[in-house]
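A.B. asks: Using only what follows, build the 3D model:
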Amino acid sequence: MKKRRIRIHKQTLKMMNNPEYIYIWVNPEDLVVAICSCDGSNKDAVKVKDKRECEIYSTTLFEELKRTNMGAGLSENCTYRFAGSVNKGNKVATFRIDNINC
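C.D. replies: Numbers count the residues shown, from 1 in each chain. I've put the predicted structure just below:
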C-alpha cells in the first residue's frame, strides 16, 4: 500500500477483452475487490489509457479499505500482489484479499 496504487496488468486487461473503461467494486463482507468493465458514462469509470497496464492511485479507496475488515492487516510499508480470477463473459476480475502476504 506504499503508493496507494492499484496496478492492473496487461494479462488481466486482455482476459477482460481490453475494456476502454473500468471501475473498482469493493465488497467488504466477502473480502472481495473486483475490477469491472464499464462504459464511460459510469461516474466511477477510469479510462484505460494504456493497454499494457492500468494504474489507479486513490487515497480514498485505501482509507476506506483500512476502515473495514478488508484493511485489517494491510501495512502502509508493503506492496501486495493479489491472485484472482476473470469472468470473461461479464468482463470482471475478482480478487480475494483475506489471504495476502507483504
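A.B. asks: Show me the helices in the chain, by range?
C.D. replies: 10-15, 59-67 (DSSP state H).
A.B. asks: could I get the ones you listed as a markdown table with mean neighbour count?
C.D. replies: Backbone N, C-alpha and C define where each C-beta goes, glycine included. Listed next are the helices of the chain as a markdown table, based on neighbours: other Cβ atoms under 10 Å:
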| stretch | mean neighbour count |
| --- | --- |
| helix 10-15 | 15 |
| helix 59-67 | 13 |
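A.B. asks: The lowest-mean-pLDDT helix or strand in the chain - contacts with which helices or strands?
C.D. replies: Across the helices and strands of the chain, mean confidence by mean pLDDT, DSSP states H and E is lowest for helix 59-67: a mean of 78. Packing partners of helix 59-67 (3 or more Cβ pairs under 8 Å, 6 or more residues apart in numbering; DSSP states H and E): strand 21-27.
A.B. asks: so the strand it packs on versus helix 59-67, what angle?
C.D. replies: Counting by axes from the mean of the first three to the mean of the last three Cα atoms, to 10 degrees, strand 21-27 lies at 20 degrees to helix 59-67.
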